[in-house]
Structures are given as C-alpha cells and as structure tokens.
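Chemist: here is my input, please return the structure:
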Amino acid sequence: MKGFNLIRNITSVVIFAISFVTLPSFASTFPVTITDIAGRTVTIEKEPQNIALSTGRVFSLLEIIYQQDAAKHLVAWRDDMRASAPSMYASYIKKYPSLKDITTIGKIKSGEFDAEKFINMQNKPDLFVVDLSNIKLAQDKGLLKKLDKAGIKVVAIDFREHPVENTVKSVTSLATALGKKEQGQRFAEYYQAHLKRLTDAVNTLPAEQTNKNVFIERAAGYNESCCRTFSDGNMGAYIPLLKANNVADKPLKGALTGQMSPESVLVAQPDIYIMQTTGWLDKEGNPTSGIPLGYAPLDPEQIKKSTTKLMDRSWLKATNAYQSNNIYSIYMPFYNSPYNLVAIEYFAKWIHPALFKDLNPEQTFEEMNQRFAGRTLSGKFGQNNAQVMH
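Modeler: Residues are numbered from 1 along each chain as shown. The predicted model follows:
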C-alpha cells in the first residue's frame, strides 16, 4: 500500500523511542487487585516470587515480564513444550538450562493435576497462571477454592480462545499482579500499535478485495486425518480482522473449533489455505509428519519432505488455493502465545500480499524478543508451501 512502509518506519521509530526511555522507578506496592481475563477479581497481598504455569508453552509470557530472571521465578509447569514445540523447548533450554529440572504438573482438563502435591511442593507457588479453557473446570472442581485457601493465587490468561480480544489484557493483568506493570504496558503499546497499523491498512481496501475465502487446517500432519479447523476462535479470529471470509464459519455453526471433511473443504474452494503445523514428537520421541518449522537450527530437507507429503493429497490439489500457489504454513505454537501478533502479520501478507508487501513478520518476532525478552533468536515460522517444494 502506498505510504505503508513510511508508516511502518515512523511507527517503529516511535515505539523504539518509547521502549528505551528510562521509565520512572516506582516501587510496586502491594496488595494489588486485578481483574483477570475470566472476569475474576484477584487480590495479591504481596509480590509473588514463585510462579507455576498450567501450560509450559506460555513460558515466553514470564520472559516478557521478567526477562533474564524468568526461569528463576518458575517453580512448576506442565511438560507440554518438549513434545508439542520441540524447537522452542531446545531454544529455551539452551538459554535456561535449569528448566530441565522444573517440577512438572498434570493437565487440569484430563484430571491429572494433583492438587495436594502441588500445594505441598518444597518451593510452593505463590501464583498459578491458568489458561482460560481450564478456569471454569478448576472452579467447578473446587480447585480454585482449595488453592486460594492454601495461599496460592490463580490468574487466568488467554491467547488461544479469543486471542485478538484477550492477548493484551492477559499480559498486562499478569504483569500488574507480579509487580511489573511497566513491562506489561510496554508490550501493550507495541502490540496495539502494530495491530492498528494492520487494521488501518485493511480498512482502506475496496469491497471487492474483502471477499477472499480462507481455510485453516488445524495441526496439519499431526495425524493422517483432515480437516480440523477453527471458526472465530484461535487463529480463526485473525481472518475477519483482516477483512476476509473464514469458510469454516457456517459449517461449524458458531463453535470455536470443529471438523470439516476434505470434500466440504473442496466444495468451499478456499482462495487461501493455511496449514497450522510444527514438528511434533510422538510418545516415543519420533518426529510426526508435521512440518518442522520453528526455532533454528532447522533441517531444510526435512521441511521440504514434510511439506511435499502434506501437499501431495489429491483433494487438496483440486482447490483454488493449490492451483494459485496460495497454500501456506504457520508455526502452530503461535496459537497459544503472546507473540501471536507475528502469526497475524503472516496471515495479513498471505491474504493481502500487495497491501502488505513490505511487512516482515519474522523481523517483528525477532524485534519483540529482543525488546521485551532480552533474547536473540532465529528460525523459520511461516512459508509458502509451493516455494519450498520447488
């Protein structure tokens, strides 16, 4: 878009300046009261030191808040990152070797969470960060009341159900609860400025450019079946934000996620097909057929091989998206991450390539990590599948 690059550069300079202005050094005062993403009012009597995570894949949230001290504050997490995001796990373990020895906890939803063991840990958590999908379940089971009685506060976050609506509040409410309000506010300013730039741009599009049909294949390559997908939840929320149509909206009838058949996808004829994927490991530690996007080091030949396998499905070849080389892959762990802005930028480039030709999502990811987490990273987090195959 004419002028888009100039706007991007000006915005980046402004945000850069904001980020490195010396902020007033206010001592955090406790108690503090926050309203978390589930609408719960939580009062924190004193600054928490020991944090537990209901899913390990949101460790980046602690890094945004604590930077280099993130691992020092983590005392328990669910060990899901190792198998579900192995390149992320390797990257974090390299920087924080102590994460290998963090106490692991069970999944609340499956009933594996042992409340008594959790409460009686040697390094007892002060605060338990729980994803929104588990909060109601924890409340219904009496878990929240039990933890509160034991002096463990619970704060709900959400990056996966309603990411566009809940990401900033998840970060800022937790940052405030941990006595790090300024860090949360810096992240919010950056995220909101970048998101506004995207929405301002798509709002200039003529009506005939806002009718592209998009399909998301959930967990492509995780198993042999197809096609799990999203309506207005998870990454499905990015599509209307970017002025496009999600072909799953009608078939899923309002559900956040659900199943479509290859035949129904073919009938819908998406213009843009996006595979949500990564290099998962099975229970034996063997790679699945997912495309191993993620943090460096990467294996380009394995990425090409896995991409080719997923593209070599006869029904997929009959879609408009395949015929026009508009099938893409996105690093799946962005679906439950404060860095989901990066995935939104990829979607913007793929849905409106002319409008966002100057947008560089991987640069955004690198910048966010440097600015908010104090870490340097590299890798491959999105791709055009046709380009990788040839």
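
Chemist: which strand residues bridge residue 330?
Modeler: Judged by DSSP bridges, the bridge partners of residue 330 are residue 276, residue 382.

Chemist: and for it, the neighbour number?
Modeler: When neighbours are counted by other Cβ atoms under 10 Å, residue 330 registers 27. Just so you know, the C-beta spots here come from the backbone N, C-alpha and C atoms, and that holds for glycine as well.

Chemist: surely it and residue 275 touch.
Modeler: Yes. Counting by Cβ atoms under 8 Å, residue 275 is a contact partner of residue 330 at 7.2 Å.

Chemist: the top helix by length along the chain: which residues count as buried?
Modeler: If you go by DSSP state H, the chain has its longest helix at helix 181-202. Residues 181, 183-188, 190-191, 194-195, 197-198, 201-202 are the ones in helix 181-202 that count as buried (16 or more other Cβ atoms under 10 Å).

Chemist: and stretch 235-255, by the same measure?
Modeler: Using 16+ other Cβ under 10 Å as the test for burial, stretch 235-255 gives 235-239, 241-248, 251-252.

Chemist: of all the residues you listed, which comes closest to residue 218?
Modeler: Residue 218 lies nearest to residue 235 out of the buried residues of stretch 235-255, by Cβ to Cβ, at 8.4 Å.

Chemist: quick one, phi/psi of the closest one?
Modeler: phi -70, psi -10 (degrees, to the nearest 10).

Chemist: same check on residue 32?
Modeler: The phi and psi torsions at residue 32 (degrees, to the nearest 10) take the values phi -120, psi 150.

Chemist: then residue 91?
Modeler: phi -70, psi -40.

Chemist: and it, how many neighbours?
Modeler: Neighbour tally, residue 91, other Cβ under 10 Å: 19.

Chemist: next up, the contacts around the residue lying closest to it once chain neighbours are set aside.
Modeler: In space, and not counting its chain neighbours, residue 91 is closest to residue 295: 4.1 Å by Cβ to Cβ, 6 or more residues apart in numbering. With contact taken as Cβ atoms under 8 Å, 6 or more residues apart in numbering, residue 295 is in contact with 87-88, 90-91, 377-379.

Chemist: just the buried subset of those, please.
Modeler: Applying 16+ other Cβ under 10 Å to these flags 87-88, 91, 377, 379 as buried.

Chemist: quick one on the thing from earlier: tell me which two of the buried residues of helix 181-202 sit farthest apart.
Modeler: Largest pairwise distance in the buried residues of helix 181-202, by Cβ to Cβ, is 31.6 Å, between 181 and 202.

Chemist: hang on, the earlier thing: next secondary structure after the longest helix of the chain?
Modeler: strand 213-217 (DSSP states H and E).

Chemist: helices or strands up against that next one?
Modeler: Other elements packing on strand 213-217 under the criterion 3 or more Cβ pairs under 8 Å, 6 or more residues apart in numbering; DSSP states H and E are strand 228-230, strand 245-246, helix 262-268, strand 272-277.

Chemist: can you do 10 Å?
Modeler: For strand 213-217, the elements it packs on are strand 228-230, helix 238-241, strand 245-246, helix 262-268, strand 272-277, helix 320-323, strand 327-331, helix 340-351, judged by 3 or more Cβ pairs under 10 Å, 6 or more residues apart in numbering; DSSP states H and E.

Chemist: could you dump those into CSV and include mean pLDDT?
Modeler: Below are the helices and strands packed on strand 213-217 laid out as CSV (pLDDT from 0 to 100):
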stretch, mean pLDDT
strand 228-230, 96
helix 238-241, 97
strand 245-246, 97
helix 262-268, 96
strand 272-277, 98
helix 320-323, 97
strand 327-331, 98
helix 340-351, 98
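
Chemist: can you give me the helices for the stretch 51-200 of the chain?
Modeler: Assigned by DSSP state H, counting those that start in this stretch, the stretch 51-200 of the chain shows helices spanning 59-66, 70-73, 81-84, 86-95, 115-119, 132-140, 143-149, 163-177, 181-202.

Chemist: to residue 177, which of the helices and strands packed on strand 213-217 lies closest?
Modeler: Short answer: helix 340-351, nearest of the helices and strands packed on strand 213-217 by Cβ to Cβ, at 20.9 Å.

Chemist: which is the next helix or strand following the closest one?
Modeler: helix 361-368.

Chemist: buried sites along that following helix?
Modeler: So for helix 361-368, counting by 16+ other Cβ under 10 Å, buried means 361-362, 364-368.

Chemist: likewise for stretch 378-390?
Modeler: 379-386, 388.

Chemist: again with stretch 269-285
Modeler: 270-281.

Chemist: can I get the helices of the stretch 51-200 of the chain in JSON lines including distance to residue 263 and mean pLDDT?
Modeler: JSON lines is the format used below for those (distance: least, Cβ to Cβ, whole Å; pLDDT from 0 to 100):
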{"stretch": "helix 59-66", "distance to residue 263": "38", "mean pLDDT": "98"}
{"stretch": "helix 70-73", "distance to residue 263": "46", "mean pLDDT": "98"}
{"stretch": "helix 81-84", "distance to residue 263": "29", "mean pLDDT": "94"}
{"stretch": "helix 86-95", "distance to residue 263": "33", "mean pLDDT": "96"}
{"stretch": "helix 115-119", "distance to residue 263": "45", "mean pLDDT": "96"}
{"stretch": "helix 132-140", "distance to residue 263": "30", "mean pLDDT": "93"}
{"stretch": "helix 143-149", "distance to residue 263": "42", "mean pLDDT": "96"}
{"stretch": "helix 163-177", "distance to residue 263": "29", "mean pLDDT": "98"}
{"stretch": "helix 181-202", "distance to residue 263": "31", "mean pLDDT": "98"}
